[in-house]
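Colleague: Need the 3D shape of this:
(chains A and B)
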Amino acid sequence: MSKKFFSLLILMTLVVSLLPATAGAAPPAQAGGTTYTIQKDDWLSKLADKEYGDPLAFPAIVYYNNKKATEDPAFTLIEDPNLIEVGWTVYLPSPEEANAYLLGSIPAGAYNEAPMLAEMVAAGTLPPVDERLPDDPLIEPVDAEIGQYGGTIRRGFLGPSDHNNYTRVVYDALVRFSPTGGEVVPHIAAGWSSNEDFTEWTVRLRPGAKWSDGAPFTADDIMFWYNDILLNEELIASIPVWMQNADGSTVKVEKLGDYAVKWTYAEPNTAFLLELANKDGADRSILNLAFVPAHYVKQFHPSYVDAAELDAKVAAAGFDTWAELFAVEAMPHLSGKRPSMAAWAPDGTSVSDPVFTIKRNPYYIGVDPAGNQLPYVDEVRFTFFADSEALNLAAVAGEIDMQGRHIKMSNYPVFIENAEQGGYRVVLWPTFGGSDAVVMFNQTWTGPEVEMFQNKDFRIAMSYAIDRNAIRELVFLGLGELRQGVPAPFSPYYPGDEWAFKYTQHDPDLANQILDGVIPNKGADGFRTLPDGSPLDIEIGVVPEQFVAWDDVGQLIVEDWAKVGVKAHVELRERTLHFAMRPANELQVEIWNEDTTGFPFTGQPKFDPRSDPALCFAPLVRIWYQTNGAEGVEPTPVIKQIVDIIDEAKVSARGRQIELAQELFRIWADNVFEIGTVGLTPSVQGVVVVNANLRNVPAVAGNDWPLRTPGDTRPEQFFYAQ
Amino acid sequence: MLQYIIKRLLLLPLLLFIFSVFSFVIIQAPPGDFVTAYIAELATSGSSMDQAQIDALRQLYGLDQPMHIQYLKWIGRILRGDMGVSLDWQRPITQLIGERLLLTVALGAFTFGFTWVVAIPIGILSATRQYSFLDYFFTVFNYFGVATPTFMTALVLMWLAFSYFGISVTGLFSPEYVDAPWTWGRVLDLLKHLWLPAVILGLDGTARLARVMRANLLDELKKPYMEMARAKGLSEFRLVLKYPVRLALNPLVSTIGWYLPLLFSGSVIVATVMNLPTIGPMLLRALTSQDMFLAGSIILVYCCLAIIGTLLSDILLVWLDPRIRMEAS
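Modeller: Residues are numbered from 1 along each chain as shown, chains lettered A, B, ... in the order given. Predicted structure coming up:
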């Protein structure tokens, strides 16, 4: 009897502990809701319309009903809002409740937190959630539904130089790009404002926001970055471009109060927010910061600690200079101990460890629309793989929960085949525009071939000669569209179909016809020769083993070009060598991708000859700009026009920026300095393996490095269905 | 003998100095430096750096200084007993090597043990039963082992394990033990994972060793002393093991010292393919990313072990075969 009783007790305990830890209880359970039995022809949005005058209010019914259903079995749990059955008893919230839910205005004292944190609060080791959150927390929309707490997201990374794997998951910046990449939205910063002519930008912070160790986050954390990192010559050799005025002087940053900081530029700057959205410690570079936990990093800075004490710390860490130590301690993922503002903070491990774990930040500033503090998932675990193929194999075996990085598009069929067995699904996030394999002609090449590269008709003919469909079928598994390197149709910068598809039809006859006008002579081998009689053999530089098999693209293009009498060959090189040759003007033609069209006025756009690294567009023009015309090659009028457009856009208002961008891409496509082939494929970190139980991972997302994908999709609102 | 050993040991520092200069220069020989390699790596994930960032990195890592200064900085730290900080990992090199040393040596030792335990009996069997079915069988098997690159064997086995058992056999630990402290459970887990790479790595060596053993033994078996011993009535088993096998081992023992550096670095390609947390893949990474301090340090230790290994071989040989003697001083 007693044995049986105990078994029963254990069983019951088990059942209870297995019950979903619902994340409910956010808006106050004000009375006033009604109990309702589902009738024939009822559906939720109809009920919502009837009760609250808004058919879109149905998620409020789902939310309050499900909350009630876990307390009271008389109510039926709505698992799928699209599926309700006659006779179900549901709870309809009061209009006030529904309104509070929809507005996301969560009354103080109504926040909910993860069970693991609630335990710590109960034990007295952590302040209550209301004290941990800022006065006005960031209310983050969820992709599909309010989630549940718990679980681990397992990812793979390739060692310390894969630090951006972390950067992309946490996307720890003052402001962020939205999931589709269309706009900048508040994050750690509550908001911003600028003056009329965009020379002054004021960033507002959240009073009460705290670092992951509980210390307050204030304007001083930004001022420390400005005064003690940016302006410290031992740390930063030259001021990054975004913090420079046109005359080379440094942009002024000042504190307006504990929760407001003002940037003052000498000229109008409309790229400010785009820049700020990428100041998240990316590339593990202290130049990519805009705030640091001053209270923590002070202990590694000579302005705040005694020299002997600092020397001892530097020596203990094995470094030679304090700058080396500081560069590590200023980054959470290198230090392991440095407090963070992200949803998860390192547990003491770093990207140099075989397993790098980031754990729930109890002070994270964000909540979901129901008032549950984010993140839902307890921790993210990055496991080291020495080789990306081993990582892919682990993903096929279902040992990775959410990852597009290092997942190879060429393995896509294998992933699909094993999805069910591995317990995952595959989401495709195409590139953010451009073209995923482009052929770039060097406009300042010093060999005799340059005569052809600079000839627009020649380039047009070479574009017509390419059979893009074959490339799409053979290299891109039939995915994507045939296009030039211009923005995606959903981008405001899209110049129109006429330009996106210009010169992209496969027409060898037309190509031959054009070439007969430009380069009519042929040698004994049947290939066209240069006007001076010397043979033409174009060398296409390619780095193999990148995310796209560009070497295969190259071989296909060599064959296509041979058919119109132009000889070319592919030269495979090791990546570092290729990257050393490019700025040295040693590449004739190269194949890479055009992935910068979404952000033509920030970062290093590939059509701006001044960018580095970019492609071999015009390396000597870059030197000309660098030396103010003293060395290098003067740009042609068209290249100059491109540069002028970019410079004007950097100081223009949004409307004018869009006009300029469209103009820029019309010129770019028309001149075919680079030949686009296939674009909008999921080739760049776009084949995303997602655990079958992981929810709120959007089906559609902007996928690009500036968006920090998947950071832009808000991984803190991913959750495991239990 | 002792004098000889001391002489050889005294040469060690000079050799190491020469090696250190050579390895440092050769690692730096490819165009570009660590920062170039780093930028190239970042570019493949879509990110890019402006000139300010590049300058800052070169300044931070001291790459803007001339090569001899960089060398002196590095060698100075080695002389002081620490190997400096890896550019890539941003951590002390001694720590990085230390973390991987145990697993590397364990894998090397297992492979070595497997190779010898399997190869010697096969070699003896093949030689004493020359042209029998077993000899042919092992010959074919051995050629197969020599001819197939080990990484290929690894890939095939990994795929088979995945497609038939649904498991990925990469790594040396199950996920729950990767960063766990050492316990019996972890040791058992390690053994569960260690045998497969050890066998894969051992196949190649086993094949070679068995062939050499067979050839050596065949030479010995034809010698007159064998007839003599048989005539005296020594049992065949004792006879073979006691005299020809011992002699046939000599050439093998003379190469045993080469295993010492191998124990340290382990296999590079197989370990990379199978995702083993050993020193080999770290060396490969260091070379491709031009992290010259880390690569140089590993190569230096490797050279040092090679020299010591050769010395050990010589000493072993003398011990094993009394006929070999140093020229009398």
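Colleague: host element of the spatially most central residue of chain B?
Modeller: The centroid of chain B falls nearest to residue B:262 when counting by C-alpha atoms, centre = their mean (1.8 Å). In the assignment (DSSP states H and E), residue B:262 maps to helix B:259-265.
Colleague: Downstream of that helix, the next helix or strand is which one?
Modeller: helix B:269-273.
Colleague: Can you pull out the residues in contact with the helix or strand just after that next one?
Modeller: Using DSSP H and E, the helix or strand that follows helix B:269-273 in sequence is helix B:279-288. With contact meaning C-beta atoms under 8 Å, 6 or more residues apart in numbering or on different chains, helix B:279-288 is reached by A:159, A:386-387, A:574, A:576, B:27, B:37, B:86, B:88, B:96-97, B:100-101, B:104, B:264-269, B:271-272, B:291-292, B:294-295, B:298-299. Heads up, the C-betas are built off the backbone N, CA and C, glycines and all.
Colleague: Looking at those residues, which are in strands?
Modeller: Counting by DSSP state E, no part of the contacts of helix B:279-288 is found in strands.
Colleague: now residue B:169, nearest residue through space, not along the chain?
Modeller: Excluding its sequence neighbours, the residue lying closest to residue B:169 (C-beta to C-beta, 6 or more residues apart in numbering or on different chains) is residue B:161, at 4.5 Å.
Colleague: Now the strand or helix carrying the one you found: buried residues?
Modeller: Following DSSP H and E, one finds residue B:161 within helix B:150-165. By neighbour count on 16 or more other C-beta atoms under 10 Å in any protein chain shown, the buried set for helix B:150-165 is B:150-151, B:153-155, B:157-158, B:161-162.
Colleague: which residues touch stretch A:440-456?
Modeller: The contact list for stretch A:440-456 (C-beta under 8 Å, 6+ apart) reads A:458-459, A:518-519, A:530-532, A:534, A:536, A:538, A:585, A:587-592, A:606, A:615-621, A:632-633, A:636, A:639, A:671-674.
Colleague: hmm, which of these are the buried ones?
Modeller: With burial judged by 16+ other C-beta under 10 Å, the buried subset of the contacts of stretch A:440-456 is A:458-459, A:518-519, A:530, A:536, A:538, A:585, A:587-592, A:606, A:615-621, A:632-633, A:639, A:671-674.
Colleague: Out of the residues you listed, which sit inside helices?
Modeller: Counting by DSSP state H, those place A:458-459, A:518, A:619-621, A:639, A:671 in helices.
Colleague: Dump the residues you listed to CSV, plus pLDDT.
Modeller: As requested, those are arranged in CSV below (pLDDT from 0 to 100):
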residue, pLDDT
A:458, 97
A:459, 97
A:518, 94
A:619, 95
A:620, 95
A:621, 95
A:639, 96
A:671, 96
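Colleague: tell me the two of those residues that are most distant?
Modeller: The largest separation in these, counting by C-beta to C-beta, is between A:518 and A:619 at 24.2 Å.
Colleague: With just CA atoms, put stretch B:225-244 into CSV.
Modeller: Provided in CSV are the C-alpha atoms of stretch B:225-244 (Å, rounded to 0.1, in the frame of the first residue of the first chain):
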residue,chain,number,x,y,z
TYR,B,225,72.0,-19.9,-38.0
MET,B,226,68.4,-20.9,-38.4
GLU,B,227,69.3,-24.2,-39.9
MET,B,228,71.8,-24.6,-37.1
ALA,B,229,69.2,-23.9,-34.4
ARG,B,230,66.7,-26.2,-36.0
ALA,B,231,69.3,-29.0,-36.2
LYS,B,232,69.9,-28.5,-32.5
GLY,B,233,66.2,-29.2,-32.0
LEU,B,234,64.9,-25.7,-30.9
SER,B,235,61.2,-25.5,-31.2
GLU,B,236,60.1,-23.4,-34.2
PHE,B,237,58.1,-20.9,-32.2
ARG,B,238,60.8,-20.2,-29.7
LEU,B,239,63.4,-20.1,-32.4
VAL,B,240,61.6,-17.5,-34.5
LEU,B,241,60.8,-15.2,-31.6
LYS,B,242,64.1,-15.4,-30.0
TYR,B,243,66.5,-14.7,-32.9
PRO,B,244,65.2,-13.5,-36.3
